[in-house]
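Enquirer: got a sequence here, can you model it:
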Amino acid sequence: MAEPKLIKFPAGLPPTTRNYRPGRYPQKIFESVNGATVNIRYGKQVVDAELEMTFANIPTEEGELILQNYYTVNSAWNYVDFSGSSGLQGTDSNDLKKEIRQVDGVNKPPKLRWRYAEPPSLDQSHAGLCTVSCRFRGFLDG
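Expert: I've put the predicted structure just below:
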């Protein structure tokens, strides 16, 4: 099997809305009969982060670029690369950009690898315009 690639999200498409939920720590809570609990954490990195973006009233051609990105990423076990002007424009905070990419420093690869959680939804409201909604899930592939 080929090594997964980072496939850039289409550049120059600022989302109308972005919803980011940081991941959770992999852990298991055990509860005894008397109610005492023990928490076992299985790592120090978060997993299952979620990112939702909506692109409202964009030209249909740009919506099709997102669909093509979905097909390219999912044709193999590839990942979406959110960097530069690819998916993160409109984000005011560099800290939020780093958070979404899970980057510790310069020239280090992101820890979380983003994949589409489901196919994008493309709604055409007017001729030549559409609204695209995307959901992504962050993976920590080993």
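Enquirer: show me where this protein dips below the pLDDT cut-off.
Expert: Filtered on pLDDT under 70, the chain yields the residue ranges 1-2, 84-85, 87, 90-95, 97-99, 101-110, 142.
Enquirer: kindly recompute the last result at 90.
Expert: Applying pLDDT under 90 to the chain picks out residues 1-6, 11-14, 18, 20, 22-27, 41-49, 75-77, 81-114, 125-127, 138-142.
Enquirer: where do the strands sit along it?
Expert: Under the criterion DSSP state E, strands of the chain are mapped to 6-8, 17-21, 27-31, 37-41, 50-59, 79-81, 113-116, 121-126, 129-139.
Enquirer: nearest to residue 67, of those strands?
Expert: Proximity to residue 67 (CB to CB) singles out strand 121-126 among the strands of the chain, at 6.4 Å. The C-beta positions use only the backbone N, C-alpha and C, and glycine is treated the same way.
Enquirer: who does the closest one touch, helix- and strand-wise?
Expert: helix 60-74, strand 129-139 (3 or more CB pairs under 8 Å, 6 or more residues apart in numbering; DSSP states H and E).
Enquirer: tell me the most buried of the ones you listed?
Expert: Compared across the helices and strands packed on strand 121-126, strand 129-139 shows the largest average neighbour count, a mean of 20 (mean count of other CB atoms under 10 Å).
Enquirer: the inter-axis angle of that strand versus strand 17-21?
Expert: With axes from the mean of the first three to the mean of the last three CA atoms, to 10 degrees defining the directions, strand 129-139 sits at 10 degrees from strand 17-21.
Enquirer: name every strand pairing with strand 129-139 and say which way it goes.
Expert: Applying DSSP bridges to the sheet, strand 129-139 is found paired with strand 50-59 (antiparallel), strand 113-116 (antiparallel), strand 121-126 (antiparallel).
Enquirer: turn these into CSV, including mean neighbour count.
Expert: Conversion of these to CSV gives the following (neighbours: other CB atoms under 10 Å):
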stretch, mean neighbour count
strand 50-59, 17
strand 113-116, 20
strand 121-126, 12
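Enquirer: with that, I have no additional questions.
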